[in-house]
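Trainee: What follows is a predicted structure for the sequence shown.
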Amino acid sequence: MSNVNPDKLKASNRRAGRKHGGTVLIFLFLLILGIFMVLPIWLMFVNSVKPVNEMFIFPPKWYTLNPTLDHFKDTYRVLGQMWVPFSRYVWNSILVTVSVTVLQCVFASMAAFCLAKVDFPGNKIINAVIVLALLYNSNVIYLMQYMVMAKLHMINHMSALILPAAASTMGLYLMRQSMSTVPDAMIEAAKVDGAGLFTICWRIVIPNQKPALMTMAIFAFQGAWNITGGTFVYDESLKTLPTVIQQAAAAGISRQGVTMAAAVILFVPPVLFFILAQSQVMETMAHSGIKE
Amino acid sequence: MDHPVRDQSTIGVRSKTEQRRMTLRRIRQNREAYLMMLPFMLLFTVFTVIPVLMSLPVGLTDFDMATFPPKWVGLSNFYNLFLNDSIFIKSIRVTLVFAVFTGPISYILSFLLAWLINEMSRPLKVIFTLIFYAPSMASGVYAVWQLIFSGDSYGIANSALLNLGITNTAIQWLTDSRYILTVVIIVQLWVSMGAGFLAMRAGFQNIDPVLYEAGAVEGIRNRWQELIYITIPGMGPSLMFAAVMQIVSAFTADIVARNLVGFPSTDYAAHTIMTHAFDYGWVRYEMGYASAICMILFLAMFGANRLINRLLGKYMD
């Protein structure tokens, strides 16, 4: 943002009424709400390291002085007893998560750009269909998807986990909405310079859409990370981490601790990705400028 | 030689063949656009559009997933739902209460939070966004809420109330039909800062700070004016996205309730339309009936979407 004069912005902030008193109140409001949001998650972490003998005392404690990794070890022990080595599940999960995230970001960005900014015959219909598909929610779809996949010989194959998730309507709609705010003038200018749609999309529009792109990446990662084989794959060697961790959580000795440990294991990767993606957004917004 | 007199009304109106030729030309001109959409549209068609189209007629049949072809029963599923299924009628009420309490509240809260967070310094932005979005990432966290609302005195909520002397007996949060819906709504609100919230955050981030500077020059006096004249118009599409996501999550809420208060819940106190569809689909294997339920839900969501479209209409492109 080389063209923003910091002094001017500060002055405008002052004029716009950004005073300290209000900020403190707002901060307090956010803090109280934040505590409500965080407490259950804190409790999840505490209980995953709480020794069994501390679990059933009254009143229940919000902390533990003797943290233990027993529940994690229990989970790992159960996982170690499966037919397939543990690393196989980890690898499957990484494969599914990475391919879904990358494919979705690439495919949906291109499609969203065309739907938002190119006037081609069929544009209106496709846009309407996308919203309808988002709203349509039927428990028979799963069954029909299975039938389609069976026809395509995809059942019990990695592609059954990856390809359906790669075309997420939600991601597309998010990108389309965000890209519709890109000024037409910017695209026209690039066209005059002789750039094709593909170049305009990847060189000009998408670099300006980092916030939406990273948001879509977060959704994609999170969705893909939580993909369980379901009925689409049945070979043990094709299953993903969430599938087996949930199985393990149901088999532990001290159920509660192991359930929490499993929840923690599944919670951490999306959070790390979230932090990574969000900090990307902050960086880029510091030096991008869209002007009418 | 006479020139044929053209009928006045056809001047400027292109004939059908002419129109078709125009369209074909535009399709050819936009070849690159179609190519760019191809990968997504191919997968979307195969895994979403075709299954959706296949599922449409199921609501008009009696289908137990074993007998093929399913028996055609016309509209009798719908007829039974409204006239003979008192639990369905109850589930409509539960869904509406649920949607009214969770939908608008979390929509407004999402917007408010996204806005407030946007005014913070950089590291705080990431931290607070994470705090509010974290529940949406914690997929296995129902166990924690079961702990909090556990019916014995070891439950967090009960032990707090007992300690403070507000009650002297443990409250059965998850099985007493007086409390179930409230508890489920609280937990649903807790997980509701999801896709919509994050999209709004992105919407705020996408607004060029230069616009604020320009606004200040042109006489914008306070934050509210800034919000109304610059921010909201600049992020209208993100608001629309968030609204659609909110409609979907408010109307199809079911997983929170089923994990938290069990299925079926006491007196069907947390029995939403989606739970009803789950019941008939995956417990009783009456797919035709379940499908009819989903169809009604879809129509309700479609209506809600039209309504919100009209409300937010001026910000749409």
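Mentor: Perfect, I can see it now. This is a predicted model, so every value here is computed, not measured.
Trainee: use CA for all of it now, contacts and neighbours both
Mentor: Fine.
Trainee: which regions of the stretch 101-250 of chain B sit below the pLDDT cut-off?
Mentor: By pLDDT under 70, the low-scoring segments of the stretch 101-250 of chain B are B:140.
Trainee: Tell me how many other residues surround the residue in it positioned nearest to chain A.
Mentor: Proximity to chain A, evaluated over the stretch 101-250 of chain B using CA to the nearest CA, is greatest for residue B:222 at 4.0 Å. The number of residues packed near residue B:222 is 16, by other CA atoms under 10 Å in any protein chain shown.
Trainee: Need the phi and psi values for it.
Mentor: Dihedral pair for residue B:222: phi -140, psi 180, per degrees, to the nearest 10.
Trainee: Look up how far residue B:230 lies from residue B:224.
Mentor: Counting by CA to CA, to the nearest Å, the separation of residue B:224 from residue B:230 is 10 Å.
Trainee: Between those two, which has more neighbouring residues?
Mentor: Neighbour totals were compared for residue B:224 and residue B:230, and residue B:230 leads with 18 against 13 (other CA under 10 Å).
Trainee: for that one, helix, strand, or coil?
Mentor: In three-state terms, and counting by DSSP: H, G, I helix; E, B strand; the rest coil, residue B:230 is helix.
Trainee: And the one 3 residues further on, by the same measure?
Mentor: When classified by three-state DSSP, residue B:233 comes out as helix.
Trainee: Please report how far it lies from residue B:177.
Mentor: On the measure of CA to CA, residue B:233 and residue B:177 end up 44 Å apart.
Trainee: Report the contact partners of residue B:250.
Mentor: Residues counted as contacts of residue B:250 (CA atoms under 8 Å, 6 or more residues apart in numbering or on different chains) are B:98, B:99, B:102, B:103.
Trainee: possible to save those as CSV with neighbour count, secondary structure and distance to residue A:50?
Mentor: Below are the contacts of residue B:250 laid out as CSV (neighbours: other CA atoms under 10 Å in any protein chain shown; DSSP: H, G, I helix; E, B strand; the rest coil; distance: CA to CA, whole Å):
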residue, neighbour count, secondary structure, distance to residue A:50
B:98, 22, helix, 35
B:99, 22, helix, 37
B:102, 24, helix, 33
B:103, 24, helix, 36
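Trainee: What helix or strand is the closest residue to residue B:138 other than its chain neighbours located in?
Mentor: In space, and not counting its chain neighbours, residue B:138 is closest to residue A:267: 5.3 Å by CA to CA, 6 or more residues apart in numbering or on different chains. Element membership of residue A:267 [criterion: DSSP states H and E] is helix A:255-285.
Trainee: list the buried ones in that helix?
Mentor: A:256-267, A:270-271, A:274, A:277-279, A:281-282, A:284-285 (16 or more other CA atoms under 10 Å in any protein chain shown).
Trainee: Quick one, grab the pLDDT at residue 259.
Mentor: Went with chain A since none was named. Residue A:259 is assigned a pLDDT of 80 by the prediction.
Trainee: switch to chain B, that's the one I care about
Mentor: Taking residue B:259 on its own, its pLDDT is 81.
Trainee: How about it, nearest residue that isn't a chain neighbour?
Mentor: residue B:142 (6.5 Å).
Trainee: Against which helices or strands is the helix or strand where residue B:258 lies packed?
Mentor: For residue B:258, the enclosing helix or strand under DSSP H and E is helix B:255-261. Under the contact criterion of 3 or more CA pairs under 8 Å, 6 or more residues apart in numbering or on different chains; DSSP states H and E, helix B:255-261 touches helix B:142-148, helix B:180-190.
Trainee: Count the neighbours of the residue lying closest to residue A:62 once chain neighbours are set aside for me.
Mentor: Leaving out its chain neighbours, the residue that sits closest to residue A:62 by CA to CA, 6+ apart is residue A:43, at 6.6 Å. As a burial measure, residue A:43 scores 19 neighbours (other CA under 10 Å).
Trainee: ok so residue A:43 is a helix residue?
Mentor: Yes - read with three-state DSSP, residue A:43 is one of the residues of a helix.
Trainee: Just give the number of residues close to the residue nearest to residue B:259.
Mentor: Residue B:142, neighbours per other CA under 10 Å, totals 21.
Trainee: From chain B, how far out is residue A:269?
Mentor: Computed with CA to the nearest CA, to the nearest Å, the distance linking residue A:269 and chain B is 10 Å.
Trainee: What is the neighbour count of residue A:152?
Mentor: Residue A:152: 11 neighbours (other CA under 10 Å).
Trainee: What residue spans form the domains of the chain?
Mentor: Because you didn't say which chain, this covers chain A. Chain A breaks down into these domains under automatic domain parsing: A:1-68, A:70-285.
Trainee: hmm, I had chain B in mind actually
Mentor: B:1-62, B:64-315.
Trainee: Determine how far the last residue of stretch A:63-78 lies from the first.
Mentor: End-to-end span of stretch A:63-78 (CA to CA): 26 Å.
Trainee: for stretch B:173-184, same thing?
Mentor: End-to-end distance (CA to CA), stretch B:173-184: 10 Å.
Trainee: pretty sure residue A:281 is touching residue A:218, no?
Mentor: No - the criterion here is CA atoms under 8 Å, and residue A:281 misses it with residue A:218 at 11.7 Å.
Trainee: could you say what helices and strands the strand or helix carrying residue A:143 packs with?
Mentor: Residue A:143 belongs to helix A:141-151 when elements are defined using DSSP H and E. Helix A:141-151 sits against helix B:50-55, with contacts defined as 3+ CA pairs under 8 Å, 6+ apart.
Trainee: now residue A:50: how far from residue B:155?
Mentor: Between residue A:50 and residue B:155 the distance is 16 Å, computed by CA to CA.
Trainee: And for residue B:112?
Mentor: 32 Å.
Trainee: between these two, who's got more neighbours?
Mentor: Using other CA under 10 Å as the criterion, residue B:112 and residue B:155 rank with residue B:155 on top: 24 against 14.
Trainee: I'd say residue B:155 and residue A:57 touch.
Mentor: No - in terms of CA under 8 Å, residue B:155 does not count as a neighbour of residue A:57; the distance is 10.5 Å.
Trainee: any residues in contact with both of these two?
Mentor: Going by CA under 8 Å, 6+ apart, no residue sits against residue B:155 while also sitting against residue A:57.
Trainee: mind listing the helices for the stretch 151-292 of chain A?
Mentor: A:159-166, A:169-179, A:184-192, A:197-199, A:210-225, A:241-249, A:255-285 (DSSP state H, counting those that start in this stretch).
Trainee: wait, which of the helices and strands packed on helix B:255-261 is closest to residue A:183?
Mentor: Among the helices and strands packed on helix B:255-261, helix B:180-190 comes nearest to residue A:183, with 35.7 Å by CA to CA.
Trainee: Give me the next element, helix or strand, following that closest one.
Mentor: helix B:195-205.
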